[in-house]
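Trainee: heads up, no residue letters with this:
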């Protein structure tokens, strides 16, 4: 891909949302799709990207057409790590529809403890069922095992686990 084509693709990945008189963004395409899937963004919301001539209703933008979105087999879910080990984790994921055996890409975001964001290919081992009435936005705890991650990411997980044990050992004293 030429440098010019790469720059254009990067420019097209920046999206803005207009709600009332307020403009929000820039958002990546994946974030926009996530908002659509979670029911936070609708066909009637106006959006803009540098490659568009002006603000357009989301439902009229080719990139977010029903036909194109129906081809996407990726879904993005918010979640939280409840417990972390070198081989896996207990995670709270805001989707009760995942099943044991299903593979998910877990993104550990950068924060004040995790120095660098990274992805880990994982597999759901167990689903902790709930007696509560669930909907598609309900969160459930899932036990997952890590299948594949870069070597440096594995080292980073080991460091996070060691830090957790160090902090907990200090608190108990």
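Mentor: Structure's in. What do you need? Keep in mind the model is a prediction, meaning the values are calculated, not measured.

Trainee: tell me which strands and helices the longest helix that the chain contains is in contact with?
Mentor: Counting residues, the longest helix found in the chain (DSSP state H) is helix 151-172. In terms of contacts (3 or more CB pairs under 8 Å, 6 or more residues apart in numbering; DSSP states H and E), helix 151-172 is packed against strand 79-84, strand 118-127. For every residue, glycine as well, the C-beta is placed using N, CA and C.

Trainee: winner for burial among the ones you listed?
Mentor: Comparing those by mean neighbour count (mean count of other CB atoms under 10 Å), strand 118-127 ranks first with a mean of 16.

Trainee: ok, residues contacting the longest helix of the chain?
Mentor: Residues from elsewhere that reach helix 151-172 (CB atoms under 8 Å, 6 or more residues apart in numbering): 84-86, 108, 113-116, 118-120, 146, 149.

Trainee: Format those residues as CSV; extra columns: pLDDT and distance to residue 28.
Mentor: Formatted as CSV, these follow (pLDDT from 0 to 100; distance: CB to CB, whole Å):
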residue, pLDDT, distance to residue 28
84, 88, 26
85, 89, 30
86, 88, 30
108, 79, 18
113, 72, 24
114, 71, 20
115, 71, 22
116, 77, 18
118, 78, 17
119, 80, 15
120, 85, 20
146, 92, 25
149, 80, 22
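
Trainee: Looking at those, spot the one nearest residue 34.
Mentor: Using CB to CB, residue 119 comes nearest to residue 34 of these, at 15.4 Å.

Trainee: residues in contact with that closest one?
Mentor: For residue 119, the residues meeting the contact criterion (CB under 8 Å, 6+ apart) are 105-108, 149, 153.

Trainee: what do you get if the cut-off is 6 Å, keeping everything else the same?
Mentor: Residue 119 makes contact with 105, 107 under the criterion CB atoms under 6 Å, 6 or more residues apart in numbering.

Trainee: count of residues packed around residue 41?
Mentor: Residue 41: 21 surrounding residues under other CB atoms under 10 Å.

Trainee: ok so it is a helix residue?
Mentor: No: using DSSP: H, G, I helix; E, B strand; the rest coil, the secondary structure at residue 41 is coil, not a helix.

Trainee: Can you give the domain ranges for the protein?
Mentor: Under the assignment automatic domain parsing, the domains of the chain span 3-70, 79-172.
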